[in-house]
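Chemist: Sharing a model that was predicted from the sequence below.
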Amino acid sequence: MIRYANIDGLLKEPTTGLKGLCPGCGNSVIAKCGPIKIHHFAHVRGFDCDHWWEPMTQWHLDWQNNFAPAWREVIFRDEQSGEFHRADIHTPQGVTIEFQHSTLSFEELESRNLFYKKLIWVVNAQSFKKQITFIKAIPNPQSRLLANFTFSVDSTGFATFLELYSKEEPRVYDPRIQPRIYSLDDRELQEVAEEYEKSEKRYWLFSWKNKRSAWLNSSAPVFLDFGDEFLYWIRKRTQQPFPLRYLQEIKKKDFLARYNCAEN
């Protein structure tokens, strides 16, 4: 499925009966404008030249419409292999944004992460949002005030409550030594507590039933879209013995402003 076809040298969206050429492979495409599926162009031969394609949804279109038409379905080609793919969005600043509705394996995900440079994923998480539980708002794990502390997590990288351990003694992680546990009520974390109280509490511990490991372990940034005014960036804090996974809450309008959305 593609949104744009080459019609007499111009890229146009589908209308009933319209025929043109695929901007990627140059083969014939025809507009599909039925009452059920999103209007799109389909290859006459019945296969999509980009094997990374997925069915177009209204969610895809709504996201793409936040950006200038010239930034949508940009063709990328590997000059050596001849492989090409359509990026959902590619900004003049060199950032590629992919809007993903379907599930991907880790291997598929990483192949795309390697193909595109400066790639960002926005994932339609509405189908599995009930599997994710927001457990507790926490201070910013990347705060310089917490540089000498570590969050308590299990081997999966999730934490169900906030525990902070001093990393000052010892400097090297030693499982035989029981570190001291701190809370935001302790004098040593007074500045952290003050920063936390003044913040918008945008960082969350969470659990994920039937978690999708590909998104948790992606080498490119992943933002979950639950269908409200926020995106939730899956983040990881490197620490010993296990890294901390958490969600950073970002307003969609701030995300769009950062990546230069088109005026509506």
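Modeler: Cool, the structure landed. Numbers count the residues shown, from 1 in each chain.
Chemist: Buried residues of stretch 232-246, list them for me.
Modeler: By neighbour count on 16 or more other CB atoms under 10 Å, the buried set for stretch 232-246 is 232, 233, 234, 235, 237, 239, 242, 244, 245, 246. Bear in mind the C-beta positions are built from the backbone N, C-alpha and C, glycine included.
Chemist: which one of those residues sits closest to residue 207?
Modeler: residue 245 (10.0 Å; CB to CB).
Chemist: The closest one: what's it in contact with?
Modeler: 153, 157, 158, 206, 216, 234, 235, 236 (CB atoms under 8 Å, 6 or more residues apart in numbering).
Chemist: likewise residue 33?
Modeler: Residues near residue 33 by CB under 8 Å, 6+ apart: 14, 15, 16, 39.
Chemist: Report the buried members of those residues.
Modeler: Buried members of the contacts of residue 33, scored by 16+ other CB under 10 Å, are 14, 39.
Chemist: now, which of the contacts of residue 33 lie within helices?
Modeler: Using DSSP state H, no member of the contacts of residue 33 sits in helices.
Chemist: Could you list the buried residues of the helix or strand hosting residue 11?
Modeler: Secondary structure from DSSP states H and E places residue 11 in strand 10-12. By neighbour count on 16+ other CB under 10 Å, the buried set for strand 10-12 is empty.
Chemist: What's the first helix or strand after it?
Modeler: Where DSSP H and E defines the elements, the next helix or strand beyond strand 10-12 is strand 19-21.
Chemist: Quick check: mean pLDDT of the helix or strand encompassing residue 257?
Modeler: Secondary structure assigned from DSSP H and E places residue 257 in helix 252-258. What helix 252-258 shows for mean pLDDT is 95.
Chemist: Can you mark which positions in that helix are buried?
Modeler: Residues 252, 255, 256 are the ones in helix 252-258 that count as buried (16+ other CB under 10 Å).
Chemist: go on, stretch 113-121?
Modeler: 113, 115, 116, 119, 120, 121.
Chemist: Out of the residues you listed, which is nearest to residue 192?
Modeler: Closest to residue 192, out of all of the buried residues of stretch 113-121 and judged by CB to CB, is residue 120, at 29.5 Å.
Chemist: Surely residue 54 is in contact with residue 103?
Modeler: No. Using CB atoms under 8 Å, residue 54 is not in contact with residue 103; the gap is 10.0 Å.
Chemist: could I have the strand or helix carrying residue 108 exported to CSV, CA atoms only?
Modeler: In the assignment (DSSP H and E), residue 108 maps to helix 106-115. The C-alpha coordinates for helix 106-115 follow below in CSV (Å, rounded to 0.1, in the frame of the first residue of the first chain):
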residue,chain,number,x,y,z
PHE,A,106,13.6,-8.1,16.9
GLU,A,107,15.5,-9.1,13.7
GLU,A,108,13.1,-7.2,11.5
LEU,A,109,13.3,-4.2,13.8
GLU,A,110,17.1,-4.1,13.9
SER,A,111,17.3,-4.5,10.1
ARG,A,112,15.3,-1.3,9.8
ASN,A,113,17.3,0.5,12.5
LEU,A,114,20.4,-0.3,10.5
PHE,A,115,19.0,0.8,7.2
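Chemist: circling back: mind checking how far the helix holding residue 257 is from the chain centre?
Modeler: How far helix 252-258 lies from its chain's middle: 13 Å, per CA atoms, centre = their mean, to the nearest Å.
Chemist: what's next to that helix, contact-wise?
Modeler: 66, 223, 229, 230, 231.
Chemist: Now for those: which two are most distant?
Modeler: With CB to CB as the measure, no two of the contacts of helix 252-258 lie farther apart than 66 and 230, at 15.0 Å.
Chemist: if we can go back for a sec, which of the contacts of residue 245 has the weakest pLDDT?
Modeler: residue 157 (68).
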